[in-house]
Each structure stands twice: as structure tokens, then as C-alpha cells.
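In: structure for the following, please:
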Amino acid sequence: MKSENLLHRIGFSDIDLDRKVLSFPNNEGLSDKLGTVSYYAKDKSEQVKTRFYWIKGGNILLDELKIIHERIWNENKADLLFLEQGNSIDVKYISTSPKEGLLNIVTIPTNVEDSVLLNKISKEHITTGAFWIEYSNALERVKQQRKTVDEALVDSLSSLRVKLDNIYKNLFPDKEARSKVVQALIDRTLFIKFLEDKKIINSDFYHKYFGNKDIHYKDLLERKDAKNINELFCRINEVFNNKLFATPTIEDADLLDGALTEIAHTIKGTRGGQLCLFDFQFDIIPIEFISHIYQIFLDDKKARNGIFYTPEGLANLLLDNVIKQEGRVLDPSCGSGIFLVLAFRKMYKSPVDIAGTYDKIQHRLDFIKRNIFGIELENTAARLAVFSLYLEVLNDITASELNKLITEIIQAEDSKALFSIDFSENIQEANTLTEGDKAPFVNEKFSYIIGNPPWFSIGKNAKDKNDTINYSYWNKYRDFFTLERQISQCFLHRIKYWSTEDTKFGFIVNSSNFINESENFQQFIFSSYHLERIFELYHVKEILFDYAKEPACLLIFDNCISQFNSIEYFSPRLNSFAETFKTILLNKSDVVIIKQQDLLGQKIKLRDYLIGNEQELLLANKLEQECASIVNIMLVDKKKYSSCRGFADWGADALRKEFKKNREDISEEEYSSFKKTFLEKYYNKVKDKEYTVPFVTPTQLKSFLINEIDAYCQEDISNFDRPRNQFIYAGEKILFTRIGGDIRAVYSDEKIYFNTDIYAIKLKDSKLYYTIVCCLNSELINYYSQVKLRKRVDGAFSKLNSSDFENLPIPKHFNKIIVEQLNTLSKGILNGDYSFEDKKNEINDLVFDLYELDYIEKQRISDFFISKNQPITKKIFEDYCTVFFKTFRTRLKTGIIKMEYSYSPNLPLGISGIKVTFGESNAKSPKIDKVQLSLNYDLLKQVGSSVLISLKERIYSEDSIFIIKDTNPKSWTKSAAYDDARVEIEKLLQA
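Out: This next block holds a predicted model:
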């Protein structure tokens, strides 16, 4: 019998749901029409993006649906809207721009039997996230149309910022001064919009100070009433004790008509396609979203310097691992305050005995005054941090409560202020690396120190006082840092000053500090702190930071140093669900336990765990141990050349030698002009009597060949910045690339110039040149360099250091027959008889044989280069099953009678599986496709219940083994089949 209540029919009880009335201040009739609606957002549903509103209503018009969309979208607490009308349910995705409308996912008929309905939608579907499995065809549309309220707000304010910056260029030629005024106008506008939406600035306020209860901020803007706008700023500062409206000082004359008009248009949305501020309902927008505004003030220079706002999900991951109870929190690089807002929210508990609204506010202010602290160099960000905390103080206090309180304060006409406790000094606008009496928070200590410091390299040539402070700090403690002068390393050293033995730390820093050659810094970290967890975010950087060129890692640590400490090292991977919803999904199988003492003693490096899996790393280590190093066959002559790298043409030395000028004595413009003159003198596009020597760059080096030469140099390059010895440019040599993902090597016996991103090596035995070129271009050497050596692999700055290439493995003995075959192939490609692609597999096989690899080692290297974007096919699984079966039968002659596989690329979590059946048991074990689907459900159930999601890769029944892994071709390679079979063999032999 069908129940009349559809929510009950699909499995929800009244206890599961919140019942509420959606308020629409400008359309009370719609609130009455909808009545009480159902809302669900408990536990795991927030993470799996199935929070929903369920509205039952007849004849809801399109205009009304748009209003409902705007209201729920602004609140950002629901992902789905279930609209029950007549005999159907329309399911719509909410996180789309109100200008585009809701995204239709599916319409489900309801005049059917319960069993039929439950196959379409049920509580289990929603609470586990299996909804997205059932309707996975909508995921691509969700990915394309998804636009959250914070993203849209940033778009609108970015547009306003550009317009205001242009308007104020003449009045404020200085960019920094102009930026402060533009920032002040925007954050004051946002705060006023918040106050008006919350009814804090109400009709009583405007009547008292402006003689008109019907006036609003937008009216003053439209009238271009600069005097009264400044009066509004002044009165807000009096009532709220908010320094955002006091500094910087903006005179009436500074409020240009054009600026006021643009702000008015942004509020009303009367120009352009951006959402207007009326579309944003600041009384319900989550406060932490205001912090995201910081990114619109990150100009290109700051983005290049590695200053990025921290995504909320990443900030919460950090805080969940650091803050356990109330304590003093310091963020020494607080930016716009996202960590501080979330830290306050995590720690603050409202006392039950405080009933009055005014007392609630003062209690929160006092808590912030005692516990929340930040340091920020940028004025813009510091102001936004204060702004965000003020808004957080008023969070969850209703508009009616605030309206009543403000009316009482205004009518009292005394000195009482809404914000009687000023915490603004807790956010110090200062340089974290300043020491001595002028340092921020001198001699203060904190329970928790957290943050995401900038990632740029400190320059030698100071342009302002902060550059001087940064360089002085690095230089003073340089023994702890790398020569690259990375500022994030300085921050991790500086935080010791504010800590005690009990302080806990959580920091997001650039991964290069731990995966590049940073020996001094790594020794400092591993000897000075007790590391608890490391989250390496290398593989998920695309969903975390929009502009970052290099990956980040999250460090959780404290001062409780232990000789036998073990570190949990996590390396989460991307999957389609994570990409669609920008949600970090950590798999428990991605964790490695590392001994801190091994890192300190340099027995292992964190870099080792970044690219390859355990078996790939073992093979790379075997090559390292059993082979010789290429430096053993190199012609090394320190008298003739001290570096294998090519020249650096321009720099301070070239300026001095060519023009007799010192870098510090000339301007940037002059320096650029001299550079242009210099390069025009020494390079030419065509070869002639003056320009005789070919010049090549890394992009022109291909495997075995140099692309067409398009530049020539003069013979004499002695005035170059670092000309190197002429010996490396002449005669026989091998050129190969220093940067990029692959090594590309070329043999040359002619004089040729090349830049600093190319290495050149000369060999003791000239008969080996063609063979070594084959080795350097082979999969084997590229495999080794990527697994063991390259820095920032897959990044814009991937490179090999000189110490790396000198340790490239070569055979201890060169088989003459194989050498002759490789020489023939190498010469043939060089002469144009055939291409590298034609002979690539043959060369790889010969190199494998030269290094005496066995079948599985060869296969492992070939499998390593399978692209993760390669389509998954039946053949991949068939080959996996074949290798698994053969491997198993070589050790155990009885057993497997059947292997089955199941894969579905469209499932959100991309889980595939193999079923291995043994013997002739009559037991009825489940089909592999059922297990696969069930595991997708189970994984979605775990999301939100823990920071880690556990994928159980092995399931055993009476007669079967189920091997479950992600649907990635690299998970189902032939070498993976060999490894998986070996695991099962070992288990059976031990049984």
C-alpha cells in the first residue's frame, strides 16, 4: 500500500528531517504558498553532495522557482532540490548561477508501486551518495555548470575592482595607494550590504542620521551624494566601533561620481552579465565565503610569488588534525582570515547562561580577543580578515534580534557600541620575519600555530623594506635553508619563536621543500620537530589551487621530538568524483608509515614515495645498486670545464663585461634596454661570416635529432654571463635536456652552442657515444629519472640536477653484440634512414637486454609509461587475467578455474574488479559486478565519516577472491597482475 507521504515512502522518517519555513523577505506570499518544507543535510550527505530541500507545492511558477533557487543557492547548504508536484518529483541541482537556472537531473514518476519508486530514488541513494551512481550521466553537466555563491561573488567583485582601479588611476597614480582606496570601498560596500540584509542598519538608523527611513546605501550612490556616503561610513564606525570604516581616510572629493555609479550598478546589476549584489543575500551567505574575496586582490605579481587563498576544505582538513580544544591560535600568514574564522568556529562554545543578544556578541568578541591572532603583510588581506571575524561574531543571530538591538542602541543615545570590544589589533599588519622589539607579538606564546605561508623565493636585490627583512632573515639563518631562499622555509623556522613544548602546528607549504634537493632545510625540520602526518597533495593540486604551478603538502607536527617517531604519509589521488565536486578523497591504501629517523639519516627521501609505487621504487633501487653510474664513463677534466651545462648569456656579469655597468646602479628599464642591445648583438637568425656557430635550446632537442636551427651566435661569447669553457661546445659530445618530463639526447660532433638548460657530456670511450644516446632516450633511463630523480615531475619546472644525471645507471659491462645493434640504430635515425618512433620498441628491448632485465622488469617499465588518460578496455582486463593466471600456475599447479572482470568508467568513484574462482565449490558467491557496485556504495557511505576513505582491495569468500581497484589503466597492467598474483600466492603458502 502506497503511503501518501513520499519522503516516508522512500525511507525517511520525521526524525531524519528538519522542517522549516523558507523566508523570502521581499515575497512573503511565496513563503505562505510553500508552507513548511523538508530539509536534509546530516552527516555524510554534506560530503557526498546530496544535501537537499524537499518542496511539495502545486503550480509553482518559473519566477517563483527562480526566487527559490536564489534563496537556497545563497545559503549554500543544499545540493539538490526535490520538487514534488502532481504525480512526479523533479530533481534539480542547485549549485548553478541563478542567471542560468537550475540544472534538471531527472523527473521521477510517483504514481507507481513502492518497489518501483525505490529503484529510482531512496534514502539509501541519498545518504550514501549512490544517487550520483544512479544518475552519473548528469555528472558532466554538473561539472560544466557548477557555480557556487562564493565563485560568483568573486566574479562580480573582480569586475567591479577592475572598473574602480581604472577610475582612480588619475587621482591615485601610486598603485598601492589606489589599491587601498579601492579595497576600502569594496569591503565597506560588502559590510553595508551585510548590515542592510541583516536589518542591522534599519529604518530607525537611516531616520535618525539621515532624516529618511526609506533611504538605503544604493540611493546615496545613485544620487552621487559623497558627503552623506562619508557620513554613513562615520556613523557605522560610531555604532559598530569598526575600523574598516575609519581607515584609510577617504575624503568627500575622493568619492568620484564614476566610482559611485559603478558601485551602484554592481549593487543593482544594471550593467554587464555579472550577478548583482542583490542576487547575493548576505544574511544567509556562509561567512567563510567572504574570505574568498581575497583572490580578486591577488594581482599577477602575487600569484607569481605563490600567494594563494586557501580552499575551505583544505583549511578544515588542517584544523581537524591540529585543534582539539580551546587555545590561543596564531596564523602568521593569515591572508583574508579563512583559518581564523574556521578556528573560532571549531573552538567557540556559547554558554547556556547568556541569553541577551548584546551579551552574546560581547562574549564572542571577548573570545576572539583572547584566542584568535593573525599576522598579515598585505593591508588588503588584513582588512578582510578583520571583516570576516566581525561577520562571524554576528553569525546565526537572527535579523530580528539584531534589528531590535540596534534600535535600542540608537534610541539610548549613549556611548554603547555593538562591538564594545575591539579585537582589530589581534590582526597585526606586519612582516612575520621581523625580529626584535618591532616583531609582531613579542614574547607571546600560542597553543596552535597554523597557516599557508607564501611560496616565493626571496630576492637578493631589495626593492623595499620587506625585501630587506626577508633577505636578512634568510641570510642570518641560512644554514637551515636552501640556496633558493624559499620564504616558506623561513616561516617554518620563525614559528619556533611563538611556540612552547605543547604547541601543535599545521602548515600548507610547497612540496618542493621536501621533494627537491633541500638537504639543509629537511635536516632542520626532521631534527627540530616531531612530524605526525604529511598529506602530499601533489596529485590533487588542480582541485585545490587555481593558480599554483607547483603542488603543496600539508604538515601536522609538534615540538615533542621522539627518536622512534613514525610519520603517516598520505598521497591522495584524483578520481572523477573528486574532480566534479572539488572534494579531497583520501584512500587509506595511500598511507605509508615512514620512520622520521630514516628521513633524518637520509636513508630514504620523501621524493621516493611521490611517483612510483612500492614495486616500481624497488626496481629503480635495484638499477641504482647493481649498475655503474654514467659519471664512471664520462671524460671529466676540471681544468677544461667545471660544468656540463651550457652558457647563461645575460646577467649582472654580462652587463659589467659588455657595458661596464653595475646592476645596482641602473634602473629596471635601463637593465632591460641593455639586455635587448646585448642579445641583438650576439644572436642572428641566419648563418653568415660573423654568426657562424649554431645555437640550440631544449625545445629543439628531440630524441636523436636536433630540430631545424633558427639562431646563430658569434664565435666569441666571452662577454656572456657564464660562457663556460669552449671545450664543452666542440668535438664529440652528447647533448640532452635538463628540463621537461623526458630526457631527450642527441649525438653531435660539430661545434654548437647551447644554453644552461642543456647538459653536454663527453665520454672516455668514443665507441660508446651512439649506445649511450640510445640508453638516454630509452624508457629505462626515463623510468629511473622520473621515479628517483626528477624534481617537480609533470610540473612547469621539472628538472634534473647535475648530481642527478651523474648518477644515471649504466651497465657495468657492455655486451658487444647489443652495442653494435644499438650503434646501427642510432646512426640510422641520425642519418634519416628511419625515425625514432619506427625503432622505439626495438631500441627499448635492446636496452632492456643490455641491462639484463627479466620479463617482469621489462614489463614494469613499459607499464609505467601507460597514460592515466588511456581509455580502459576489455583487452586490458583480459591481459591482466592472463598474466595473473600464468603467474599463479607457475607456483601452484591447482586452483583457478575461472576469472571474471567488471568495469564501468561512468561510476563516480571509478571502481573496477576481478573475481578469481577456485575449485568446484557449490557455494554461491556474488557476481563481480554486484560486488563492484556495492563497494561504490560503501565508499560513499564512508565519505564524511572520516578524513580517510578505506577501499578494501581484497574480499574473500569461500571459493573466490575479489580484487577491487580504481578504474585506471595503470591499476590493471600486466605487472600489476603479476604483483597481485604474488600477494595471493604468498597468502596461500603461509596458510
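In: and Asp396, how many neighbours?
Out: 8 (other Cβ atoms under 10 Å). (Glycine included, C-beta is placed from N, CA and C.)
In: ramachandran angles for it?
Out: Asp396 adopts backbone torsions of phi 60, psi 10, taken as degrees, to the nearest 10.
In: ok, Ser388 touching Gly337?
Out: Yes - between Ser388 and Gly337 there is a contact at 4.3 Å, judged by Cβ atoms under 8 Å.
In: the two - which one has more neighbours?
Out: Gly337 (31 against 27).
In: could you verify my assumption that the more buried one touches Tyr390?
Out: No - between Gly337 and Tyr390 there is no contact under Cβ under 8 Å: 10.2 Å.
In: where does Ser115 sit, in terms of helix or strand?
Out: Taking DSSP states H and E as the definition, one finds Ser115 inside helix 114-120.
In: now the element after that helix, going C-ward?
Out: Remark: after helix 114-120, the chain's next helix or strand is helix 123-128, criterion DSSP H and E.
In: from the contact counts, what lies against the next helix or strand after that following helix?
Out: Using DSSP H and E, the helix or strand that directly follows helix 123-128 along the chain is helix 131-134. Here helix 131-134 touches helix 928-942, going by 3 or more Cβ pairs under 8 Å, 6 or more residues apart in numbering; DSSP states H and E.
In: just to revisit the earlier point, quick one: list the elements packing against the helix holding Ser115.
Out: Applying 3+ Cβ pairs under 8 Å, 6+ apart, one finds that helix 114-120 makes contact with helix 6-9, strand 103-109.
In: of all these, which lies closest to Lys324?
Out: helix 6-9 (37.6 Å; Cβ to Cβ).
In: and that closest one, what's its mean pLDDT?
Out: Across helix 6-9, the average pLDDT comes to 86.
In: what sits up against it?
Out: Helix 6-9 has contacts (Cβ atoms under 8 Å, 6 or more residues apart in numbering) with Lys2, Ser3, Leu17, Ser38, Trp54, Lys56, Glu84, Ile89, Thr110, Asp114, Leu117, Leu118.
In: helices of the stretch 151-300 of the chain, start to end?
Out: Counting by DSSP state H, counting those that start in this stretch, the stretch 151-300 of the chain has helices at residues 175-197, 203-210, 217-222, 226-240, 257-268, 300-304.
In: reformat these as TSV; add mean neighbour count, mean pLDDT and distance to Asp863.
Out: What follows is the helices of the stretch 151-300 of the chain, written out as TSV (neighbours: other Cβ atoms under 10 Å; pLDDT from 0 to 100; distance: least, Cβ to Cβ, whole Å):
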stretch	mean neighbour count	mean pLDDT	distance to Asp863
helix 175-197	20	84	52
helix 203-210	17	84	70
helix 217-222	20	90	63
helix 226-240	18	84	63
helix 257-268	19	87	54
helix 300-304	13	48	37
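In: would JSON lines of these with distance to Asp879 be doable?
Out: Output for the helices of the stretch 151-300 of the chain, formatted as JSON lines (distance: least, Cβ to Cβ, whole Å):
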{"stretch": "helix 175-197", "distance to Asp879": "58"}
{"stretch": "helix 203-210", "distance to Asp879": "74"}
{"stretch": "helix 217-222", "distance to Asp879": "67"}
{"stretch": "helix 226-240", "distance to Asp879": "69"}
{"stretch": "helix 257-268", "distance to Asp879": "59"}
{"stretch": "helix 300-304", "distance to Asp879": "45"}
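In: now do the domain split for this protein, please.
Out: The record's domain parsing of the chain by automatic domain parsing lists 6-145, 148-285, 453-611, 630-864, 874-990.
In: CSV for the ones you listed, including distance to Ala399?
Out: Converted to CSV, the domains of the chain look like this (distance: least, Cβ to Cβ, whole Å):
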stretch, distance to Ala399
domain 6-145, 8
domain 148-285, 4
domain 453-611, 31
domain 630-864, 48
domain 874-990, 31
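In: and of those, who's closest to Met347?
Out: domain 453-611 (12.9 Å).
In: pLDDT on stretch 96-107, on average?
Out: Throughout stretch 96-107, pLDDT has a mean value of 88.
In: avg pLDDT for stretch 669-688?
Out: 95.
In: who touches that stretch?
Out: With Cβ under 8 Å, 6+ apart as the criterion, stretch 669-688 contacts 649-650, 654-655, 658-659, 661, 663, 666, 690-691, 694-695, 709-714, 717, 720.
In: check what pLDDT Lys767 gets.
Out: In the predicted model, Lys767 carries a pLDDT score of 94.
In: on that earlier part again, just the contacts of stretch 669-688: which are in helices?
Out: Among the contacts of stretch 669-688, DSSP state H puts Ala654, Leu655, Glu658, Phe659 in helices.
In: identify the residue nearest the third one in space, chain neighbours excluded?
Out: Distances taken as Cβ to Cβ, 6 or more residues apart in numbering place Asn719 nearest to Glu658, at 4.7 Å, with adjacent residues excluded.
In: burial measure for that neighbour, as a count.
Out: Counted with other Cβ under 10 Å, Asn719 comes out at 18.
In: so who does Lys898 touch?
Out: Val916, Thr917.
In: quick check: next helix or strand after the helix or strand where it lies?
Out: Element membership of Lys898, judged by DSSP H and E, is strand 896-902. Next helix or strand after strand 896-902 toward the C-terminus (DSSP H and E): strand 911-918.
In: from the chain's centroid, how far away is that next one?
Out: 34 Å (Cα atoms, centre = their mean, to the nearest Å).
In: equivalent analysis for stretch 803-815, please.
Out: Here stretch 803-815 is found 36 Å from its chain centre; the criterion is Cα atoms, centre = their mean.
In: quick one: contacts of it?
Out: Contacts of stretch 803-815 (Cβ under 8 Å, 6+ apart): 517, 623-624, 626-634, 644, 736, 738, 759, 761, 768, 771-772, 775-776, 781, 784-785, 789-790, 849-852.
In: same thing with stretch 483-491?
Out: Applying Cβ under 8 Å, 6+ apart, the set of residues contacting stretch 483-491 from outside is 306, 332-333, 432-433, 451, 453-460, 470-471, 473-474, 477, 480-482, 507, 509-510, 512-513, 518, 521.
In: go with 6 Å
Out: With contacts defined as Cβ atoms under 6 Å, 6 or more residues apart in numbering, stretch 483-491 is touched by 433, 453-458, 473-474, 481, 509-510, 521.
In: out of those, who's nearest Ile263?
Out: Closest approach to Ile263 among the contacts of stretch 483-491 (Cβ to Cβ): Pro454, at 30.7 Å.
In: Ile734 is in contact with Leu763, isn't it?
Out: No - assessed by Cβ atoms under 6 Å, Ile734 is found out of contact with Leu763, at 7.5 Å.
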